[in-house]
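# With the input below, show me the fold.
(chains A, B, C and D)
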Number of protein chains: 2
Amino acid sequence: MVTIVDVAKHAGVAPSTVSYVLTGKRPVSAETRMRVGESIRQLGYQPHAGARALAGSRTNVLALVLPLREGVHLPVVMRFASSVVTTAREHDMDVLLVTADEGAAGLRRVAGTARVDGFLVMDVGLDDERVPVLRDLGRPAVLLGHPTVANGLTCVDLDFEAAGARCVDHLVELGHRTIGFLGAPGAVYARNTGFAQRTLAGFSSAAMRRGVASTALPAERQREAVRAVVGTLLRELTRMTALVVHNEAALGWVVESLRAEGRRVPEDVTVVAICPDELAEQLRLTSVQLPADVLGRRAVELLMAKLNGQRPPALTLLPPKLFSRTGQAGPRLVVAPPPRQVG
Amino acid sequence: MVTIVDVAKHAGVAPSTVSYVLTGKRPVSAETRMRVGESIRQLGYQPHAGARALAGSRTNVLALVLPLREGVHLPVVMRFASSVVTTAREHDMDVLLVTADEGAAGLRRVAGTARVDGFLVMDVGLDDERVPVLRDLGRPAVLLGHPTVANGLTCVDLDFEAAGARCVDHLVELGHRTIGFLGAPGAVYARNTGFAQRTLAGFSSAAMRRGVASTALPAERQREAVRAVVGTLLRELTRMTALVVHNEAALGWVVESLRAEGRRVPEDVTVVAICPDELAEQLRLTSVQLPADVLGRRAVELLMAKLNGQRPPALTLLPPKLFSRTGQAGPRLVVAPPPRQVG
DNA sequence: AACCACGTTCGAAGCGCTTCGATTCAATTC
DNA sequence: GAATTGAATCGAAGCGCTTCGAACGTGGTT
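Model (predicted):
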């Protein structure tokens, strides 16, 4: 193995000088820098990660905590993971994969053994045991999915409010004047927080602002329940030509119900969904997608900022991406505004 | 931070003794072991991973190299990754996530900086640049997917030959006596190696052994091409009541073509696919699944064996799992034999 | 009673790197 | 020309752990 001492000897300098060349933490003359660089190249020197971590108390590794079993849509997780690793590498970081199965104990372990510098935690629940632990651990962390705003922690999520509004705006631009909203099961709105409510709020205020007639109803996931709600909407909102659906499980039944009621989709009723891209793709519906790749990138950037001692905003909401799938041509990306930041 | 010295003082022993308690590399009296263990618990001691790696030249981390972008079916990758992490943790190992994008350079980097003890590489190509690098690196590695048998390297894969045979056996047990085989595009069979050929071989010899009439044809992925091949099969093998399909892209068109020809699926023609589970699930077809979870577990176990100085078989072929989806009941797992080992 | 052997435990020497105070030397200043 | 400065570099002290030879008892042997 080639060590820093070998490089130092080869370049005729002290080991510390090589270190300074590598880290840039002290000025080194251009000439020395060249010479050391050349020695590094010739000897094929690669610093020992463990030694670095020991002496410098920085591992250059970040923990990515993923729900690998269930819950979140798998392709979304993958895209996110991919984006995280790529972005991390741009910052010269490696990624340690931790499953959510390990729970808080897993976080304690990798932090306690000084394996990682910080955490990226996906799919954090509203009352997650890991949140307090994360705060105690005293290492930078970025949470994804649910914006559990907790002091000191940083969160990233899709801007669901904007997503709701975006659907309305899109439909209004297509000429629709009466729009329905079919949301999550009632119970989801009952807990007084979360993305469902924010989506609905965005939808409602946009409808108001745009002056369109609208009705919003919750829906259970079962086929019959969905059929009933669709029936109600068609009856109450007789001139309804468009429907925004924020309920993955019901989505398929919604389309089926509409057709059963004699409405063609999308000719008679245009359906816009807020759901993972794959599902919308399959049903050929225009949709607002979860921008997993942007989410991953942004999350890493926020974490890096914290590692560098900055204090990034406590909450970053990413602009929704709307893919139009009405035409015969491939998905058309409608450009969205920059992210919102809070705190 | 609590160090080994703190623990040693607290327990009234030398640091080295604490180390031996932890690693078990030298005998320690039961009484001392107790006392040290108690101190560890009381102080909440967790050994510093970097220091360990430096002194012991063992990181307890393994690299998982995944094709995160494309190629392999995403859910399969996830299941595999999940299984790898879980199994690795059982062996007290952590997992560093590396994307295939980084190529051979990525392997050189994580090995050169002593970040990992070994490699798990998924989706290795027939003439992959990483194979020679992996051999040079001199660290244990286990390859998955294509059994590129290379000296010193260990491979795990699905036993495609058994998969082909299994389909026949299953169908014969259901009473079928004339079975067609619709395979990958001709070009795939032309390269003189790989899973396509092995599947076909397994199918053919099983058909022979079972005394069933059979015809095998390659098929391109396009709809018209598939339709033509299905037509040919129906004409040539007039009494065909079952069809084994080893061509993911064509699978949907196969079912469509059969129905267009007036054959009900599965009543008139039973289709068994060799494909990712999700696809078969969607089309409600009985299928042979890639056992990603078993694959991941086995891969880690092989790697651990190598890390412990053993010389596991060069090639392990996992028994195929056949899921029957003909009935109304949920998937029924038909139990399969133990893995085959070579080398 | 002196000896040996064995199971335990200790002490010290690194592992390869970062970091900080000290040192050097040339360029500036009075 | 001596004193002052500041940039560039050096040297040494750790970081927390493993490991290896040595030391220490204890019990059994001759």
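
# Report the buried residues of stretch A:188-204.
Judged by neighbour count (16 or more other CB atoms under 10 Å in any protein chain shown), stretch A:188-204 contains these buried residues: A:195-200, A:202-204. For glycine as for every other residue, the C-beta is placed from the backbone atoms N, C-alpha and C.

# Quick check: pLDDT value at the closest residue in space to A:Asn247 that isn't next to it in sequence.
Distances taken as CB to CB, 6 or more residues apart in numbering or on different chains put A:Ala184 closest to A:Asn247, at 5.2 Å, once the chain neighbours are dropped. Looking at A:Ala184, its pLDDT is 90.

# Next up, phi/psi of A:Ala184, please.
Backbone torsions of A:Ala184, given as degrees, to the nearest 10, read phi -70, psi 170.

# residues contacting it?
A:196, A:218-219, A:246-247 (CB atoms under 8 Å, 6 or more residues apart in numbering or on different chains).

# can we see that at 7 Å?
Listed by CB atoms under 7 Å, 6 or more residues apart in numbering or on different chains, the contact partners of A:Ala184 are A:196, A:218, A:246-247.

# so which strand or helix has the residue nearest the centre of chain A?
Nearest residue to the geometric centre of chain A (CA atoms, centre = their mean): A:Leu295, 3.3 Å. Here A:Leu295 sits within helix A:292-307, counting by DSSP states H and E.

# Using CSV, list the CA coordinates for that helix.
Output of helix A:292-307 as CSV, limited to C-alpha atoms (Å, rounded to 0.1, in the frame of the first residue of the first chain):
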residue,chain,number,x,y,z
ALA,A,292,-37.7,11.9,-7.0
ASP,A,293,-34.6,12.8,-8.8
VAL,A,294,-34.7,16.4,-7.9
LEU,A,295,-35.7,15.5,-4.4
GLY,A,296,-32.6,13.3,-4.0
ARG,A,297,-30.3,15.9,-5.4
ARG,A,298,-31.8,18.7,-3.3
ALA,A,299,-31.6,16.5,-0.2
VAL,A,300,-27.9,15.9,-0.6
GLU,A,301,-27.2,19.5,-1.3
LEU,A,302,-29.0,20.5,1.9
LEU,A,303,-27.1,17.9,3.8
MET,A,304,-23.8,19.1,2.4
ALA,A,305,-24.6,22.6,3.3
LYS,A,306,-25.3,21.6,6.9
LEU,A,307,-22.0,19.6,7.0
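
# Up against chain B, what does chain A have?
Residues of chain A lying near chain B by CB under 7 Å from any CB of the partner chain: A:46-51, A:53-54, A:59, A:64, A:68-69, A:74-75, A:77-78, A:81-82, A:85-86, A:94-97, A:99, A:101, A:112-115.

# by contact count, what packs against the helix or strand hosting A:Val131?
Assessed by DSSP H and E, A:Val131 sits inside helix A:130-137. Counting contacts by 3 or more CB pairs under 7 Å, 6 or more residues apart in numbering or on different chains; DSSP states H and E, helix A:130-137 is packed against helix A:103-112.

# wait, does the helix it packs on contact DNA strand D?
No - interface with DNA strand D: helix A:103-112 contributes nothing (CB under 7 Å from any atom of the strand), its closest point being 9.8 Å away.

# any idea of the mean pLDDT in that helix?
97.

# what angle separates it from helix A:130-137?
For helix A:103-112 against helix A:130-137, the angle by axes from the mean of the first three to the mean of the last three CA atoms, to 10 degrees is 20 degrees.
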